[in-house]
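> A structural model of the following input is requested.
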Amino acid sequence: MTTGPDAPPPHDPPLPPLPDASGELTGGLLDALRVGIVMMDTRGRVVLWSPLAEEMLGWAGEHIVGRRIEHIIEPGRPAADPAPGTASRSAADPAPRTASRSAAPGTEPGRDLADRLLAELMRAGRWGGVLPMRHRDGHTLQVEVRASLLVDGDGKPFVLASLADTRLLRDLEHDLAVVDAVFDTAALGIAIFDTDLRYVRVNQALARMNRLPVEGHLGRTVKEVRPGRAGEELTMVQREVLTTGRTVVDLLVPGPDGDGYRSTSYSRITDHAGRVLGISCVVMDVTDRFMASAKVERTRHRLAVLSDVGGVLSELMDVDRRAQSLAEALVPGFCDYAGVLVVRDIAAGGELPREPLRGGTPLVLLGVATGPDQAEVAALLRPGGRLSFPEGSPLSDVLAGGPAWFAETPADLRGGAFSPLGDPRIKAALDLGVGSLLAVPLRARDVVLGLLIVGRAVSRDPFDADDLALAYELADRAGAALDNARLYAREREGALMIQRSLLPQRVPRLPGVEVAFRYVPGSTGAEAGGDWFDVVPLAGGRVALVVGDVMGHGLRAAATMGRLRTAVRTLAGLDMAPDELLRRINDLSEDFAPGPDEPMMATFVYAVYDPSTRTCVVATAGHLPPLLIDPAAPGEHRVRQIEVPPNTPIGVFAVEFESAEVEVPDGAVLVLYTDGLVERRGEDITEGVDRLRGILGRPYDFLEDLCDDVVVGMVPQREPDDVALMAVRLGGLPEGSTMAWTFPAEPSAVRRARRHVRTTLAGWDLSALSDVTVLLVSELVTNSLRHAHGPIGVRMVRGASLLVEVSDPLPDPPRARAAADDDEGGRGMHLVARASRRWGTRQGPLGKTVWFELALPGSRPG
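Numbering: from 1, shown residues only. Okay, the predicted model is just below:
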């Protein structure tokens, strides 16, 4: 190692280059421009030739160093690529091709131009401009040149020149011009922040938005320009963008002093080497957009309130429930407090007022709702409360037909809404924080029937003109809905009154039979229906059980039901068989129709139970078969459906009806019902029947409990249709309560019948009826002997009364006729009619039966 004065001075080791991902050296703007360096002596001979110069012009250092620069200068030659097919110059001979080409007219040779440039440098010390320089492959480049005259330590001059391709330079200048134009002319606010998050550049648009000149921004942070919460939030976002590089777009912040809204976007700025230089910011005034969006949102919200109110008003047909549902639908979406006040007479179902309402008119608070955090107000305002407003108060003016009353502030409320004579509960509610109030009239057919009062708490924005318009719309809809509910309630009440008056008010008490029933009108969404039931006592302790359903709703259905029930009851009194009765009713169905173009259709089940034989004959007309509960049957066999022929509904002509006879054990319960009990929309009716069977399978001591459980278990889930339900516990008569005989058609039959009748009555301890019973039996048996030719049957049944039946094969019923004074016969049927409590005839498959009843001793007449 050389030391001493001649040794080279020590130096630091070279710094390692900064390569990019491809291994190339990276930098900033100079790397983008690709600036080449050339050093020449004062005669224009190249001394140094940098690699970037070689890269730009294609000439290697060994080809150019030591030679004059004039050899690659082409004055007058356009800066374009050589034409195709032009031979490029040899790398070893960069001299200009003067032998093949002369300088263009008006231009200078390269040497002359080089000499002039050197002379200018020696005189001025520097020169700059654009030179056309020849690339090694033959084409010409326009090169931006900056040359300076330098002198070393020995006083020897040198020329140092920097070369840059004008194309790259013009692109950079264009980009900078674009940036300046954007900053100067953009309507958006634009700012650049350094890594300390201080403003380094701001355009005029942002300065106007921040109400601060451009100079007032530079060097300051957002927190200094926008003190307060907004500035702190923006600073936090800036730090996150600077740290993570994640772009933030459309961050909504309020403007200075709460004036409007600004949309702010941030992104991180890096150079070509990836070094972080700061962040950029774009700010847009979105006050109009925000206000328009807020207005659209308020409109959407108001439409949602209207939709909700319309929904609840259309679902209910009850005045009280509609008023309450209206108030609940308005809170908290539209207001914090809502009250629906209606004139007392209308709340009670009366007529609309015929004159304008005056101050002091009693009102009823039918509906009230408050927010979840308004328990104190809710305790003061309860549904059903009575209110009135004195003459001359704003609310009395609204009641009298004036415009709505609009109080925007608590001062407006306390200043004139209520006089000292006003309701103290209202004033107390105001003291609890009502900030604004709207009172609009409820109108129906241009008649005021009450008030809709809505209020907002002081913590909420007060009502505005749009809210007032919405309140008017809500009040108009609510007024019409309440009036419709009032009218519907009156019509429905009338229909139900007619329907209930047409149904049995009580059922008779019969031996061996216990009856419980329920009738449930349809829900408030439906009119009165045509469901009905009946219990008809028949001769001999038998009973007819009927449940039916007339298709449709309303007064017509109720009236048709009443006519049909009367016809069934009348024909049942003739002691017809169930299938025959259905046929007769079907023949009359045309007379039951409301009109010629409105055919009547009905379903019903008709059952006749005979306690003396413990049998039940059932026929249906398109109706669900009855269910029979056998308490002695095990498990799932406890409740079974009676198998009945599926006959068509009443109203379908030219059909035959069939019946079925079943034996009924003592204590069994027969359940008859209409389809409204088991029918569900969207499911098979058998599923409802299975649910009913599940309820009936429980043990019950009392039929009333059974009916209650069925109604509770089935009716809440049903569709809005009425329901008729009848449960009948069937028990036979006591042992020995029935006696029957058959006699041949011969004269001895009368004597034998008398003897059996006397003996039976004596055994039943009814000897007091012996004479009259024997007399009437003698008359009926004698008639059978005279007119029939076959066996004669006599049957006696002891129940609530004494029943006697005489049967013979003759189908024609006996006819009472007026006998002359000298006639020997013709008085038998008159005698039966006078001596018995009631009598009648019925036809059977083998002939006819004439029967009569006698009241038991000590029983009540009739």
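> Which other helices and strands does the strand or helix carrying Met561 contact?
Assigned by DSSP states H and E, Met561 belongs to helix 555-573. With contacts taken as 3 or more CB pairs under 8 Å, 6 or more residues apart in numbering; DSSP states H and E, helix 555-573 sits against helix 465-502, strand 529-537, strand 543-553, helix 578-587, helix 589-592, strand 602-610. The way it works is simple: take the backbone N, C-alpha and C, and place the C-beta from them, glycine included.
> got a list of contacts for the fifth one?
If I follow you right, that is helix 589-592. Thr560, Arg563, Leu564, Ala567, Pro599, Met600, Ala602, Ile650, Gly651, Phe653 (CB atoms under 8 Å, 6 or more residues apart in numbering).
> which one of those residues has the most neighbours?
Within those, most neighbours by other CB atoms under 10 Å means Ile650, with 28 neighbours.
> Tell me the spacing between it and Ala191.
Distance from Ile650 to Ala191, counting by CB to CB, to the nearest Å: 88 Å.
> what do you get for Asp721?
Taking CB to CB, one finds Asp721 at 72 Å from Ala191.
> Check which element follows the lowest-mean-pLDDT helix or strand in the chain along the chain.
Counting by mean pLDDT, DSSP states H and E, the chain has its least confident helix or strand at helix 424-431, which shows a mean of 59. The helix or strand immediately downstream of helix 424-431 is strand 434-444, counting by DSSP H and E.
> same for that next one, what does it pack against?
strand 337-343, helix 394-399, strand 405-407, helix 410-416, strand 447-457, helix 465-502.
> taking the ones you listed together, which one is wrapped up most tightly?
strand 337-343 (a mean of 26; mean count of other CB atoms under 10 Å).
> List the strands paired with that strand, with their directions.
strand 363-370 (antiparallel), strand 447-457 (antiparallel) (DSSP bridges).
> Go ahead and measure how far that strand is from the middle of the chain.
Chain-centre distance of strand 337-343: 26 Å, with CA atoms, centre = their mean, to the nearest Å.
> angle of it against helix 465-502?
50 degrees (axes from the mean of the first three to the mean of the last three CA atoms, to 10 degrees).
> So which bits of stretch 799-811 are buried?
Gly799, Ala800, Ser801, Leu802, Leu803, Val804, Glu805, Val806, Ser807, Asp808 (16 or more other CB atoms under 10 Å).
> For that stretch, the averaged confidence score.
Averaged across stretch 799-811, pLDDT comes to 88.
> before we move on, back to that, can you list contacts of the helix holding Met561?
Counting by CB under 8 Å, 6+ apart, 491, 494-495, 498-499, 502-503, 527-532, 534, 536, 538, 544, 546, 548, 550-552, 581, 584-585, 588, 592, 594, 600, 602, 604, 606, 650, 840 sit against helix 555-573.
> Check the contacts of helix 589-592 against Met133 and report the nearest one.
Pro599 (109.1 Å; CB to CB).
> is it true that that closest one touches Ala593?
Yes - counting by CB atoms under 8 Å, Pro599 touches Ala593, with 5.4 Å between them.
> Between those two, which contacts overlap?
Gly651.
> For Leu206, give me its contacts.
Gly189, Ile190, Ala191, His217, Cys281, Val283.
> got a pLDDT number for the last one?
Note for Val283: predicted pLDDT of 91.
> where does it land in three-state SS?
strand (DSSP: H, G, I helix; E, B strand; the rest coil).
> my read: it touches Met209, true?
Yes - with contact defined as CB under 8 Å, Val283 reaches Met209; the gap is 6.0 Å.
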